[in-house]
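Trainee: From the sequence below, what's the structure:
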Amino acid sequence: MERQELADLIFPEAKDISYYEEKYPERDLPEGAVVTRFAPSPTGFVHIGALEQCIVETALVKQTGGKLILRIEDTDQKRKIENGVQGIIDSMKDFDIVFDEGMVSETESVGDYGPYIQTQRREIYEAYAKYLLVNDRAYPCFATEEELAELRKKQEEKKLNNIGYYGEWAIYRDLPIEEAAERIRRGDPYVIRFRAMGKEDGRITHKDMVKGKVEMPQNILDIVIIKGDGLPTYHFAHAVDDHLMHTTHVIRSNEWFPSVPLHLELFRALGFKAPKYCHYAPMLKSEAKVDKNGNPILDENGEAVTFKRKISKRKDPEAAVSYYHQAGIPKESVKEYLMTVANSDFEMWRKNNGSADLYEFPFALKKMSTTEGALFDMDKLIDVSKNVIAEFSAEKVYEDVYSWAERYDSVLKSMLDDREYSLKVLGIERGADIKKKRKDIGKWSDVRDYISYMYDDQFDLKPDEYEYQLISDPDLLRQIFSLYVEEFYNPEDDSQQWFDRMKDLAERIGYAREVKIWRKAKDEWPGHVGDVSTVIRVGLTGRRNTPDLYQIMQVMGPERIRRRLQTAAEKLS
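Mentor: Residues are numbered from 1 along each chain as shown. Sure, this is the predicted structure:
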């Protein structure tokens, strides 16, 4: 019996691979165009590391005039969840990730190189597996779970460096063709394994687009390429798919780097040109080491001993991209932060190109981290977000905050229902003509606290919650309120006139009208104009630190100002 007959027995309906080679021709794209793919499994939420990968891929595709494909790797049917594909699509849409080709819904796709769901490409994998069988680069394996467990046990007892199905341990590798055919006809369960040609002491050289030139062990494992259910494994499916979709770059995290020798051998055995592999270090998280009782382990200086680990779907809420929407961190902020993680010189570029589109940055794979990933830093993300939000118009802030509040904060939504007034509130120290932008908001969940004092139904302070700082005498405080309302407040003043009147008020009560005057002769003055304006600020807002007081008062209006200062004076009793 010949190998062709065995292959026909196993895959009687499979087409010749020439059919698919003709069906999926080379793409008509500019020279150097990057064709890459995001290929998740529909098994749960989208990880923040996957979003980083998609941002990198989008940058490269936009720079080169290439294509970004969404391909669904669903061959692990046991872990597949309902509406998993739609969840992936929606999660990426939330961050403006647009795919040129691939799945656009749970059941629909666009593009000429589909299907884009692996379980729908079964006949394609059968054709290429049959090709490997005919060329003696694959064989049927009848090893049972018990036999595989026994092999592993013996390998571990011998303390072998390589654990797995290979060489002398590949007990069905050289099974005669006739015997294999007989067992298949009898209905014995089997899988299709790849016949590896590597040697245990063999080495390969490989150029990774991130890591550069590396030397690695040859592949020796006879991995499963078609499982007992007839579906392919990831290793085999990705090789076939990337070839037929004409993927030029495979961008993925370091966890896949040890698979490179296997993947390169698969491509060679199939007669394919391998894509360029780009392996980068994933983001990490710092965690304190604990003893068996859960107590932190301390070093000789009493500091907690920490270790670094990958961000975990199981342990870390920030692993899910949905977390950032719930926290109210704008999508623009998350993307900016991830770009700083991916290329360290992005921050400097952003400083010099404040309003430029994110993808105008000249992204470079060689600048990605190769060995140890950046620590995920929530404080850094919020700082980035403050800078991002500072560039937003009042209208954009309002629309984004309102949209978030509709879903997550009913109190904030009711505050913002007065659109005209809220736009004025959110427009304080905001706008293209403002030189010093306000950077007090890092996420939408902070907004209610930051602006609540501007809304009367949220502003109800107890007497002891007014902290006037240096001026504490109740009689003097009442005098300041009274004088300001009756003599010094004029709602028609511009900002300079307003501040001049504040200086006049300071002078009236015996305080220095200029801070620099007070600094030269502190013994002659009880305080300065800043102390007086702080009294007005606290009386109006209940806070010592706010955005520009003049702008706040312009939004509040005369009636609210007089009422609040009167209330503040009454609560001094």
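Trainee: and the residue nearest to Thr233 when sequence neighbours are not counted, what pLDDT?
Mentor: Excluding its sequence neighbours, the residue lying closest to Thr233 (CB to CB, 6 or more residues apart in numbering) is Val224, at 5.4 Å. For the C-beta atoms, the positions are set from N, CA and C on the backbone; glycine is no exception. Val224 carries a pLDDT value of 98.
Trainee: wouldn't Val224 be in contact with Tyr190 here?
Mentor: No. Val224 is beyond contact range of Tyr190, at 10.3 Å (criterion: CB atoms under 8 Å).
Trainee: Find the residues that touch each one of those two.
Mentor: Cys141 (CB atoms under 8 Å, 6 or more residues apart in numbering).
Trainee: Find the helix or strand that Val388 is a member of.
Mentor: With elements taken from DSSP states H and E, the one containing Val388 is helix 378-390.
Trainee: After that helix, which helix or strand is next?
Mentor: Counting by DSSP H and E, the element that comes right after helix 378-390 along the chain is helix 394-408.
Trainee: starting at the chain centroid, how far to that following helix?
Mentor: Its chain's C-alpha centre and that of helix 394-408 lie 21 Å apart, by CA atoms, centre = their mean, to the nearest Å.
Trainee: Return that helix as CSV; C-alpha atoms alone will do.
Mentor: Extracted C-alpha coordinates of helix 394-408, given in CSV (Å, rounded to 0.1, in the frame of the first residue of the first chain):
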residue,chain,number,x,y,z
ALA,A,394,-15.9,71.1,26.2
GLU,A,395,-18.3,69.6,23.7
LYS,A,396,-16.3,66.3,23.5
VAL,A,397,-15.9,66.1,27.2
TYR,A,398,-19.6,66.6,27.7
GLU,A,399,-20.6,64.0,25.1
ASP,A,400,-18.2,61.4,26.4
VAL,A,401,-18.9,62.0,30.1
TYR,A,402,-22.7,61.9,29.4
SER,A,403,-22.5,58.7,27.4
TRP,A,404,-20.5,57.1,30.3
ALA,A,405,-22.8,58.4,33.0
GLU,A,406,-25.9,57.1,31.2
ARG,A,407,-24.5,53.6,31.8
TYR,A,408,-22.5,53.9,35.0
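Trainee: what's the following helix or strand after it?
Mentor: helix 410-416.
Trainee: Identify the residues contacting that next one?
Mentor: 398, 401-402, 405-406, 422, 447-448, 451-452, 455, 457-458.
Trainee: ok, and for it, which residues are buried?
Mentor: By neighbour count on 16 or more other CB atoms under 10 Å, the buried set for helix 410-416 is 412-413, 415-416.
Trainee: rewinding a little: quick check: the residue nearest to Thr233 vs Phe38, distance?
Mentor: Val224 sits 25 Å away from Phe38, taking CB to CB, to the nearest Å as the criterion.
Trainee: Between those two, which is the more surrounded one?
Mentor: Phe38 (22 against 18; other CB atoms under 10 Å).
Trainee: isn't the more buried one right up against Lys67?
Mentor: No. The criterion here is CB under 8 Å, and Phe38 misses it with Lys67 at 11.6 Å.
Trainee: how many neighbours does Leu549 have?
Mentor: With other CB under 10 Å as criterion, Leu549 counts 19.
Trainee: re earlier: quick one, what contacts the residue nearest to Thr233?
Mentor: With the criterion set at CB under 8 Å, 6+ apart, Val224 makes contact with 141, 191-194, 233.
Trainee: Tabulate the residues you listed in TSV, adding columns for distance to Asp383.
Mentor: Shown next, in TSV, are the contacts of Val224 (distance: CB to CB, whole Å):
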residue	distance to Asp383
Cys141	55
Val191	52
Ile192	53
Arg193	52
Phe194	49
Thr233	43
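Trainee: Among these, name the ones in strands.
Mentor: 141, 191-194 (DSSP state E).
Trainee: Kindly tell me how buried Val397 is, as a neighbour count.
Mentor: Neighbours of Val397 (other CB under 10 Å): 22.
Trainee: wait, it sits on Arg430?
Mentor: Yes. Under the criterion of CB under 8 Å, Val397 makes contact with Arg430 at 7.1 Å.
Trainee: so what's Ile428 up against?
Mentor: Listed by CB under 8 Å, 6+ apart, the contact set of Ile428 reads 438, 547-548, 551-552, 555.
Trainee: and it, what pLDDT?
Mentor: 94.
Trainee: can you check Pro463 too?
Mentor: For Pro463, the model assigns a pLDDT of 90.
Trainee: Once you drop chain neighbours, what's closest to it?
Mentor: Lys571 (4.2 Å).
Trainee: May I have the phi/psi pair for the one you found?
Mentor: Per-residue torsions, Lys571: phi -80, psi -10 (degrees, to the nearest 10).
Trainee: same deal with Lys289?
Mentor: phi -80, psi 140.
Trainee: Could you do Gly102 as well?
Mentor: Per degrees, to the nearest 10, the backbone of Gly102 is at phi 120, psi -160.
Trainee: can you give me the angle the helix holding Val388 makes with helix 394-408?
Mentor: Per axes from the mean of the first three to the mean of the last three CA atoms, to 10 degrees, the angle that helix 378-390 makes with helix 394-408 is 130 degrees.
Trainee: for helix 378-390, which positions count as buried?
Mentor: Within helix 378-390, the residues that qualify as buried are 381-382, 384-390, counting by 16+ other CB under 10 Å.
Trainee: That helix - contacts with which helices or strands?
Mentor: helix 331-342 (3 or more CB pairs under 8 Å, 6 or more residues apart in numbering; DSSP states H and E).
Trainee: quick one: the helix it packs on to chain centroid distance?
Mentor: 7 Å.
Trainee: Report the angle between that helix and helix 378-390.
Mentor: 130 degrees.
Trainee: quick one: contacts of stretch 158-167?
Mentor: Contact partners of stretch 158-167, identified using CB under 8 Å, 6+ apart, comprise 141, 143, 148, 151-152, 155-156, 193, 196, 200, 220-223.
Trainee: List only buried entries from the residues you listed.
Mentor: 141, 143, 151, 155, 193, 196, 220-223.
Trainee: which ones among these are found in helices?
Mentor: Using DSSP state H, the members of the buried ones among the contacts of stretch 158-167 that fall within helices are 151, 155.
Trainee: Make a markdown table out of the buried ones among the contacts of stretch 158-167 and add distance to Phe257.
Mentor: Formatted as a markdown table, the buried ones among the contacts of stretch 158-167 follow (distance: CB to CB, whole Å):
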| residue | distance to Phe257 |
| --- | --- |
| Cys141 | 27 |
| Ala143 | 28 |
| Leu151 | 26 |
| Gln155 | 23 |
| Arg193 | 23 |
| Ala196 | 18 |
| Ile220 | 17 |
| Leu221 | 16 |
| Asp222 | 21 |
| Ile223 | 16 |
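Trainee: wouldn't Phe499 be in contact with Met553 here?
Mentor: No. Using CB under 8 Å, Phe499 is not in contact with Met553, being 11.5 Å away.
Trainee: Looking at these two, which is more packed in?
Mentor: Per other CB under 10 Å, whichever of Phe499 and Met553 has more neighbours is Met553, with 20 against 15.
Trainee: which SS state does that one fall under?
Mentor: Secondary structure, DSSP: H, G, I helix; E, B strand; the rest coil: Met553 is helix.
Trainee: Contact partners for it?
Mentor: Neighbouring residues of Met553 by CB under 8 Å, 6+ apart: 491, 498, 540, 561.
Trainee: repeat for Thr64
Mentor: With CB under 8 Å, 6+ apart, Thr64 has these contacts: 30, 32-34.
Trainee: okay, among these, which ones form the most distant pair?
Mentor: Pro30 and Val34 (10.2 Å; CB to CB).
Trainee: quick one: which of those two has more around it?
Mentor: Between Pro30 and Val34, counting by other CB under 10 Å, Val34 is the more crowded of the two (23 against 8).
Trainee: Could you measure from the residue nearest to the more buried one when sequence neighbours are not counted over to Phe363?
Mentor: Spatial nearest neighbour of Val34, chain neighbours left out: Gly66 (3.9 Å); criterion: CB to CB, 6+ apart. Per CB to CB, Gly66 is found 13 Å from Phe363.
Trainee: what do you get for Val305?
Mentor: Val305 sits 36 Å away from Phe363, taking CB to CB as the criterion.
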